[in-house]
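Q: only the shape, not the letters, is given here:
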Ligand SMILES: O=C(O)CCC(=O)C(=O)O
Ligand SMILES: [Fe+2]
C-alpha cells in the first residue's frame, strides 16, 4: 500500500540539458499517473516569499468580520473575494467546510478591455484596506507560483509526449485562483474527518499547495486508502486537477482529498493554475490516436459548471 506521496526534486526542469529535463519529467509523470499528487522540492521560490505570504494571510484573517465581509465573494461574479466560515461545501453530500478563505485572481486594471466587457473570470481583485504592503506581497507570491506552474507544465508536456511548449500558449493568459485558507482549531468538537474541507477533486490543471506545519490534509489513493499528506519543509504539495485529467484523456489522475479539522489553527495557500478562458480542452490534441473520453470544452465553460455546483450563491448566475 502507498503510505506516502512521492517527493520529487524538480530542479532538473530548469536545466539547459533536455535529458535532465526529461528525467525529472518522467518522475513527475509517474506520480501524476499513479496518485496524481507529489511533493515538489527544489522549486526555486525563495522561502522569504512564502513566509511573507503566510504572515500576510494571518494579518488578513485577523481583520474584523465586517472588514472581511465587505470583500465578500458574493459581490464578485469572477470567483474573487472572501468566503466566510461554513459558506462552502466542497463535498455537497457532506456538511459545510469549517474554514474561511480569500480568493485572488490575475491582477487586472478596471479599464482592462476584458474587465470592461464583463468577461467571465476576468474581474478585478478585491484588496483589503489598511494593510500596507499586503497587495505587493501577495502579488509577489502569485507571480512566483505562476512561473513555477508553467515550468511544471513543461515537464508534463515532455512526459505526455507532446511539444515541450504545448501548454505554454494555453497558459499565456490563464485563469488562476489563489486562495489563502484558515481552518480554526477544532478543539475536539468535530468528529467529521472531512470537517475542514470536504472530500473533493480540484477543478483546474495543477494545484500548488503551501501548508503550515499543522496536520490535516488527507489524500485518497487509487487503492482506496486515505493517507496523510503531512507538511514537508520547503515543499509544495502539488496535484493534478480535473481539467488536466480530462485533457490527458485520463492518463493523469485527479485525486480526491480532504482536510480534517485540525488540532490547532491551520493556514494554507492553494494556487490553482487553470488555463486561458478560451483554451479548448481537447484530449485529441494530446492523444490524436486514442478514442477521446471527453468532448472538447472551453476552459471557462468547464470551470463555470464546476463552481456552480460548489457555491449556493452562484446558483442561477450567468457567470
Ligand atoms: O488546505 C489544504 O490543505 C487543502 C485545501 C484544498 O484542497 C483546496 O482548497 O482545494
Ligand atoms: Fe483541493
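A: Looks like it came in fine. Just so it is clear, the model here is predicted, and its values are computed rather than measured. Ligands and ions are numbered 1, 2, ... in the order given.

Q: give me the low-pLDDT residue ranges for the chain?
A: Along the chain, the parts satisfying pLDDT under 70 run over 187-191, 310-319.

Q: next, whatever residue of it ends up closest to ligand 1: phi, psi?
A: The chain approaches ligand 1 most closely through residue 268 (3.5 Å), counting by CB to the nearest ligand atom. (C-beta placed from N, C-alpha, C; glycine too.) Torsion angles at residue 268 (phi, psi; degrees, to the nearest 10) stand at phi -150, psi 160.

Q: which residues sit in contact with it?
A: Shown in contact with residue 268 (CB atoms under 8 Å, 6 or more residues apart in numbering): 180-181, 183, 209-212, 217.

Q: in strands, which of those residues fall?
A: Per DSSP state E, strands hold the following members of the contacts of residue 268: 180-181, 183, 209-211, 217.

Q: rewinding a little: Serialize the contacts of residue 268 to JSON lines and add fields for neighbour count and distance to residue 193.
A: Converted to JSON lines, the contacts of residue 268 look like this (neighbours: other CB atoms under 10 Å; distance: CB to CB, whole Å):
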{"residue": "180", "neighbour count": "24", "distance to residue 193": "23"}
{"residue": "181", "neighbour count": "23", "distance to residue 193": "18"}
{"residue": "183", "neighbour count": "25", "distance to residue 193": "13"}
{"residue": "209", "neighbour count": "22", "distance to residue 193": "19"}
{"residue": "210", "neighbour count": "22", "distance to residue 193": "23"}
{"residue": "211", "neighbour count": "23", "distance to residue 193": "18"}
{"residue": "212", "neighbour count": "17", "distance to residue 193": "20"}
{"residue": "217", "neighbour count": "24", "distance to residue 193": "12"}
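
Q: between those residues, which sits nearest residue 246?
A: residue 209 (20.7 Å; CB to CB).

Q: re the thing from before, the residue of the chain closest to ligand 1 and residue 220, how far apart?
A: Here the criterion is CB to CB, to the nearest Å. By it, residue 268 lies 18 Å from residue 220.

Q: ditto for residue 7
A: On the measure of CB to CB, residue 7 and residue 220 end up 19 Å apart.

Q: higher neighbour count, those two?
A: In terms of neighbours (other CB atoms under 10 Å), residue 220 is the more surrounded of residue 7 and residue 220; the figures are 18 against 13.

Q: in terms of secondary structure, what does the helix ranked longest in the chain contact?
A: Determined from DSSP state H, the single longest helix within the chain is helix 134-160. Under the contact definition 3 or more CB pairs under 8 Å, 6 or more residues apart in numbering; DSSP states H and E, helix 134-160 sits against helix 18-34, helix 47-61, helix 166-170, strand 176-183, strand 206-211, strand 266-273.

Q: up against ligand 1, what does the stretch 1-150 of the chain have?
A: Contacts of the stretch 1-150 of the chain with ligand 1, taken as CB under 6 Å from any ligand atom, are absent.

Q: what's near enough to touch the closest residue to residue 154 other than its chain neighbours?
A: In space, and not counting its chain neighbours, residue 154 is closest to residue 164: 5.4 Å by CB to CB, 6 or more residues apart in numbering. Neighbouring residues of residue 164 by CB under 8 Å, 6+ apart: 21, 154, 157-158.

Q: just residue 106 next, same as before
A: Neighbours of residue 106 in contact, by CB under 8 Å, 6+ apart: 173-176.

Q: now do 7 Å
A: Listed by CB atoms under 7 Å, 6 or more residues apart in numbering, the contact partners of residue 106 are residue 176.

Q: can you tell me how far it is from residue 94?
A: For residue 106, the distance to residue 94 (CB to CB) stands at 31 Å.

Q: buried residues, stretch 104-123. List them.
A: 104-106, 108, 119-123 (16 or more other CB atoms under 10 Å).

Q: and for stretch 285-296?
A: 286-287.

Q: for it, which outside residues touch it?
A: Residues contacting stretch 285-296 (CB under 7 Å, 6+ apart): 160, 162, 246-250, 280-284.

Q: kindly reformat those as TSV containing distance to ligand 1 and secondary structure.
A: Output for the contacts of stretch 285-296, formatted as TSV (distance: CB to the nearest ligand atom, whole Å; DSSP: H, G, I helix; E, B strand; the rest coil):
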residue	distance to ligand 1	secondary structure
160	24	helix
162	27	coil
246	17	helix
247	19	helix
248	20	coil
249	23	coil
250	20	coil
280	25	strand
281	19	strand
282	25	coil
283	24	helix
284	29	helix
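
Q: which one (most neighbours) among those residues?
A: residue 247 (31 neighbours).

Q: ok, that one - contacts?
A: 281, 283, 286.

Q: let's see it at 6 Å
A: Residue 247 is in contact with residue 281, counting by CB atoms under 6 Å, 6 or more residues apart in numbering.

Q: burial measure for the nearest residue to residue 53 once chain neighbours are set aside, as a count.
A: Excluding the flanking residues, the one nearest residue 53 by CB to CB, 6+ apart is residue 141, at 3.9 Å. A total of 23 residues lie near residue 141 under the criterion other CB under 10 Å.
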